[in-house]
Structures are given as structure tokens and as C-alpha cells.
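[1] output the structure for:
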Amino acid sequence: MNTFSKLSTAAGILAVGALALGGCTSTAGNDKLISSDKLVACSEAQYAPFESIQDGKIVGIDADIAAEIAKDLNVELEHVNSGFEGLQSGADLDAKKCDIAISAITITDERATKMDFSEPYFSDNLAVVARADSGITSTAQATDGQYKIVVQQGTTGEDLAEANGWNASGLEDAALAAQQVENGTADVLIDQIAPAKEHLAKYPDLKQVDTIETNEQYGIAIRKGNTDLLDSVNSTLDRIKSDGTLDSILSKWGANND
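    Numbers count the residues shown, from 1 in each chain. Sure thing, here's the model as predicted:
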């Protein structure tokens with residue numbers, strides 16, 4: 001019997017015992033979670049404005065959305081910092097490290113074979129970033145082979161670079177990639193536009209020289225087959241879209257949902 005089944009059995013036994021005593025209600029409605037009293041959300045916390053660490057806590061767009069999901073489930077939120085590779089591959093979900101992976105994850109056909117995705121909550125494109133004094137003015141120039149491109153590992157930026165045979169190196173996180181362009185170790189960064197704005201704010205010497213239209217849709221990933229949790233996540237997304245909460249979250253963190 002797996003851990004999930006053991007929890008379900010234990011919850012059922014406790015519920016029967018409680019009814020026999022004429023007391024508490026059952027928590028069986030939260031059996032869709034690893035632990036019935038909390039929602040465990042995994043993010044790669046180096047990707048502002050979606051997630052970053054402030055005062056030892058994960059904050060950002062995705063953190064606020066995860067909090068709304070936990071509120072609707074009537075459970076506490078536990079937010080875990082994890083590497084992006086484990087998130088976008090579905091490995092963290094399969095290992096039951098978390099209930100949801102929420103980390104600006106673009107919905108792709110390949111990823112959808114490994115995990116289930118919520119409805120989209122954000123749209124974005126890719127930005128081409130270089131030093132303002134580099135002389136680079138277009139994607140074609142940035143990718144003509146004479147410049148070193150950096151991307152974050154496991155991202156759609158890396159996928160695009162590999163598909164086109166560009167001279168690109170994958171780094172552990174986008175913040176490190178931006179730092180390499182700033183200090184001259186690399187020439188070009190390809191990253192989503194929303195986080196690229198954060199890099200530009202941090203490093204005034206950097207400039208977005210072009211946009212690659214990819215029309216990416218971000219979704220929340222859930223372990224394959226956990227339809228109860230998927231339905232709950234989509235219900236929360238529907239609510240926060242309709243009542244203005246999502247717009248308020250995006251505005252709070254300086255992002256647009258175009």
C-alpha cells in the first residue's frame with residue numbers, strides 16, 4: 001500500500017472513531033493532499049516577480065496564488081524552495097515532495113505527458129537581453145554564433161536555443177544568468193519578459209533588445225491523475241480571475257497579464 005492509500009485508510013478509521021464518539025467531522029475531503037491539513041507548494045524561488053525569498057519567506061505572484069488555493073481548501077500553506085528541473089519534469093510531484101508545482105511553468109505538450117496542468121493564469125513571451133553597450137540590436141544578431149547565450153536550465157528559452165542550434169549554456173537559475181551578462185561572462189540572456197524586467201531593474205547596464213513571440217501560458221502542475229486537486233485549483237483560479245484578486249496580485253508585483 002502506498003503512502004497516499006495509508007493516509008486515506010487512516011483518515012477513514014479516524015472518521016469512524018470520531019462518529020462513534022459523537023464528536024468531530026472527518027477530514028476525508030482533503031485526501032487529495034499529501035497531508036490532509038496543509039497544501040505543499042513547490043517553487044524555484046529565484047524568479048521574481050513570480051517567486052523570490054524575502055526575510056526567509058517565499059513571496060511573489062505564485063506564492064500569493066498558492067495562498068488563495070490553500071484558503072479555498074481550508075488548509076495551511078507550506079511553501080518549499082526546489083530546483084526548477086524537478087518542477088518542470090514532474091519529478092518533485094511524483095516523489096510527493098509537493099502537492100502542486102507553481103513556478104511560472106509554461107504549459108507544453110511534453111510536460112503535459114508527465115503531469116496535469118491547471119488552466120492558464122499568465123501569458124508571456126521571451127525577451128532577448130544584452131548589455132546596452134554591446135551593439136546587439138536583434139534576435140538574429142544575438143544568435144548568429146559570435147555571442148554566448150545563457151538561459152535557465154529546463155526552460156522554454158533553453159528548448160528554443162537547442163531547437164535552433166544557438167550557442168547557449170544552461171544555468172541553474174535565471175538570476176545567475178543575468179549576472180553573467182552583466183559582468184561580461186556571457187553576452188545574451190533569453191528569458192521570459194516578466195522576470196526579464198526584474199533583471200533590467202537590478203542591472204541598469206542591461207537592455208531588452210528584442211522580443212521572441214512565443215505566447216507562453218503558465219499553469220499550475222499537479223500529479224498525474226489527481227483530478228480532485230486539479231478541480232480545486234481550477235476553481236480557485238476561476239474565482240480569483242472573476243473577482244479581481246488575480247489582477248490585484250499581478251498589480252502588486254508589477255506584472256501584466258497581456
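[2] tell me the helix or strand right after the longest strand along the chain.
    Once the chain is assigned using DSSP state E, the strand that runs over the most residues is strand 206-222. For strand 206-222, the succeeding helix or strand toward the C-terminus, using DSSP states H and E, is helix 227-242.
[3] if we can go back for a sec, sheet partners, orientation included, of the longest strand of the chain?
    Sheet pairing for strand 206-222, assigned by DSSP bridges, gives strand 100-106 (antiparallel), strand 116-117 (antiparallel), strand 122-131 (antiparallel).
[4] now those strands as JSON lines including mean neighbour count?
    (Glycine included, C-beta is placed from N, CA and C.) Formatted as JSON lines, these follow (neighbours: other Cβ atoms under 10 Å):
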{"stretch": "strand 100-106", "mean neighbour count": "27"}
{"stretch": "strand 116-117", "mean neighbour count": "20"}
{"stretch": "strand 122-131", "mean neighbour count": "22"}
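[5] okay, stretch 162-180 in CSV with CA atoms only?
    Extracted in CSV, the C-alpha atoms of stretch 162-180 (Å, rounded to 0.1, in the frame of the first residue of the first chain):
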residue,chain,number,x,y,z
GLU,A,162,18.6,23.8,-28.6
ALA,A,163,16.0,23.6,-31.3
ASN,A,164,17.7,26.4,-33.3
GLY,A,165,21.3,25.3,-32.6
TRP,A,166,22.2,28.5,-30.8
ASN,A,167,25.4,28.8,-28.8
ALA,A,168,23.6,28.6,-25.4
SER,A,169,24.6,27.5,-21.9
GLY,A,170,22.0,26.4,-19.4
LEU,A,171,22.5,27.7,-15.8
GLU,A,172,20.8,26.7,-12.6
ASP,A,173,18.7,29.9,-12.3
ALA,A,174,17.9,33.0,-14.3
ALA,A,175,19.3,35.4,-11.7
LEU,A,176,22.8,33.8,-12.2
ALA,A,177,22.3,34.0,-16.0
ALA,A,178,21.5,37.8,-15.8
GLN,A,179,24.5,38.3,-13.6
GLN,A,180,26.8,36.7,-16.1
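[6] how distant is it from the center of its chain?
    Its chain's C-alpha centre and that of stretch 162-180 lie 18 Å apart, by Cα atoms, centre = their mean, to the nearest Å.
[7] adding distance to Leu230 and mean pLDDT, write the strands paired with strand 206-222 out as CSV.
    Listed next are the strands paired with strand 206-222 as CSV, based on distance: least, Cβ to Cβ, whole Å; pLDDT from 0 to 100:
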stretch, distance to Leu230, mean pLDDT
strand 100-106, 9, 97
strand 116-117, 5, 98
strand 122-131, 18, 97
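[8] what segments of the stretch 51-200 of the chain are strands?
    Along the stretch 51-200 of the chain, counting by DSSP state E, counting those that start in this stretch, strands occupy 52-54, 57-59, 76-81, 100-106, 116-117, 122-131, 149-152, 168-171, 188-192.
[9] what does the fifth one contact?
    By Cβ atoms under 8 Å, 6 or more residues apart in numbering, the surrounding residues in contact with strand 116-117 are 105, 107, 111, 219-227, 230.
[10] recalculate using a threshold of 7 Å.
    Strand 116-117 is contacted from outside by 107, 219-222, 224, 226, 230, using Cβ atoms under 7 Å, 6 or more residues apart in numbering.
[11] and these, which are buried?
    For the contacts of strand 116-117, burial is judged from neighbour counts taken by 16 or more other Cβ atoms under 10 Å, and it is met by 107, 219-222, 226, 230.
[12] quick one on the thing from earlier: farthest-separated two in the contacts of strand 116-117?
    With Cβ to Cβ as the measure, no two of these lie farther apart than Ile107 and Asn226, at 16.7 Å.
[13] pull stretch 51-61 out as CSV, backbone CA atoms only.
    Provided in CSV are the C-alpha atoms of stretch 51-61 (Å, rounded to 0.1, in the frame of the first residue of the first chain):
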residue,chain,number,x,y,z
GLU,A,51,8.8,33.9,-6.6
SER,A,52,11.7,35.2,-4.6
ILE,A,53,12.9,35.0,-1.0
GLN,A,54,12.3,37.9,1.4
ASP,A,55,13.1,37.6,5.1
GLY,A,56,13.4,33.9,4.7
LYS,A,57,10.0,33.5,3.1
ILE,A,58,8.9,32.7,-0.5
VAL,A,59,7.0,35.7,-1.8
GLY,A,60,5.6,36.7,-5.2
ILE,A,61,2.8,36.1,-7.7
